[in-house]
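Visitor: sharing a sequence plus its predicted fold:
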Amino acid sequence: MLATKLEFFDCNARIGRPTVWRPGESTTTDEILAEMDYAGISRALVHHSLAAQWSPRDGNETLVEEIAGRDRLFPCFAALPGATEEMTSPAEFAAQVHEAHGAVRLFPKDQQFRFTNWCMADTLGALEARRVPVLIEMTQTTWDDIAGVLQTHPVLPVIVLNCYYRMDRYFYPLMDKHANLYLETTTHQVFRGIEDICRRFGHEHLLFGTNLPKLETGGPIAQIVYAEISDEAKQAIAGGTLKHLLGL
């Protein structure tokens, strides 16, 4: 039995209508907030479908407009390598994200670049200087590229999204070496997997996420609520660690 109610802060949510839309799928801020209310999720870090599937620059601007005045939603901006000068300078961009208590999400596979230092040194270096968290799905990169970034940018928080149950042999060696590696819990559905990571590496490496509105919220919440770990660890995974990373 929990001594106190968990405050959930979702690190993986989306607003905006995607290219492939399912009838009934939430797209607006009001709809996402309604789903959060239903599930008991206090706050969420959100990216915009326009930034992911069309233009990072225009999608980021739309994101800011659509979450304005919504103090429960925090911006997760899309970013690109600085070489093509499609966005503001990396230093200015990192400062803006930091000031907004936001994070950055990368889509290298879909947007034709690499999550590597040779491709993104300027952007990653600027984000590291501000300690801005970087989120990336495993479908968008490789473990080799992640390992290279962790080593080259040792204080850049890297949050890996949508890992599944067969990936332990990849990220366990990396967690053993890199304090700046974080794992979203949503799809890491391993029996006592959360408990094992907490025991071996510490609960600080885990973050709660749902992948709203693509996935349902019940499973990810239950994983935290019923995990055989301390209430302190549950609070940290549910939202405390993400609040710290965003400077809240």
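Guide: Done, it's in.
Visitor: for the rest of this, base every contact and every neighbour count on C-alpha atoms.
Guide: Noted.
Visitor: and the closest residue to residue 19 other than its chain neighbours, how far is that from residue 109?
Guide: Nearest in space to residue 19, with sequence neighbours left out and distances taken as C-alpha to C-alpha, 6 or more residues apart in numbering, is residue 53 at 7.4 Å. Taking C-alpha to C-alpha, to the nearest Å as the measure, residue 53 falls 11 Å from residue 109.
Visitor: do the same with residue 204
Guide: Residue 204 is 28 Å from residue 109, by C-alpha to C-alpha.
Visitor: higher neighbour count, the two?
Guide: Just comparing residue 204 and residue 109: by other C-alpha atoms under 10 Å the higher neighbour count belongs to residue 204, 19 against 14.
Visitor: my read is that that one contacts residue 239, right?
Guide: No: in terms of C-alpha atoms under 8 Å, residue 204 does not count as a neighbour of residue 239; the distance is 10.7 Å.
Visitor: related to what we said a few turns ago, the residue nearest to residue 19: how many residues sit nearby?
Guide: 14.
Visitor: residues in contact with it?
Guide: 18-19, 110 (C-alpha atoms under 8 Å, 6 or more residues apart in numbering).
Visitor: can you list contacts of stretch 78-88?
Guide: Stretch 78-88 is contacted by residues 47, 51-52, 56-57, 59-60, 89-90, 104-107, 113, 119-123 when judged by C-alpha under 8 Å, 6+ apart.
Visitor: pull out the buried positions in that stretch.
Guide: By 16 or more other C-alpha atoms under 10 Å, the buried positions in stretch 78-88 come out as 78-82, 87.
Visitor: with stretch 143-150 instead?
Guide: 146-147, 149-150.
Visitor: in this structure, where is pLDDT below threshold?
Guide: The chain contains residues with pLDDT under 70 at 1-4, 20-21, 24.
Visitor: the helices in it, which residues?
Guide: Listed in chain order, the helices of the chain (DSSP state H) span 29-39, 49-53, 56-67, 90-99, 117-129, 143-152, 168-177, 193-201, 218-225, 231-235, 241-245.
Visitor: mind checking which of the ones you listed is nearest residue 185?
Guide: Nearest to residue 185, of all those, is helix 218-225, at 6.9 Å by C-alpha to C-alpha.
Visitor: angle of the closest one against helix 193-201?
Guide: 40 degrees (axes from the mean of the first three to the mean of the last three C-alpha atoms, to 10 degrees).
Visitor: which strands or helices does helix 218-225 pack on?
Guide: On a contact count with 3 or more C-alpha pairs under 8 Å, 6 or more residues apart in numbering; DSSP states H and E, helix 218-225 meets no helix or strand.
Visitor: what comes into contact with that helix?
Guide: 39, 185-187, 208-210, 234, 237-238.
Visitor: can I get it in CSV? Just the C-alpha atoms.
Guide: Taking C-alpha atoms only, helix 218-225 is exported to CSV below (Å, rounded to 0.1, in the frame of the first residue of the first chain):
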residue,chain,number,x,y,z
GLY,A,218,-3.3,1.8,-17.5
GLY,A,219,-0.4,-0.6,-18.1
PRO,A,220,2.4,1.9,-17.7
ILE,A,221,0.8,3.2,-14.5
ALA,A,222,0.3,-0.3,-13.1
GLN,A,223,3.9,-1.1,-13.6
ILE,A,224,5.0,1.7,-11.3
VAL,A,225,2.2,1.3,-8.7
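Visitor: in this structure residue 178 contacts residue 154, no?
Guide: Yes: using C-alpha under 8 Å, residue 178 is in contact with residue 154, at 7.2 Å.
Visitor: and for residue 168, the neighbour number?
Guide: Around residue 168 there are 15 residues (other C-alpha under 10 Å).
Visitor: ok, it to residue 183 distance?
Guide: From residue 168 over to residue 183 (counting by C-alpha to C-alpha), the distance is 11 Å.
Visitor: go on, residue 41?
Guide: For residue 41, the distance to residue 183 equals 19 Å [C-alpha to C-alpha].
Visitor: got it, and residue 219?
Guide: Remark: distance between residue 219 and residue 183 (C-alpha to C-alpha) = 16 Å.
Visitor: good, we can wrap up now.
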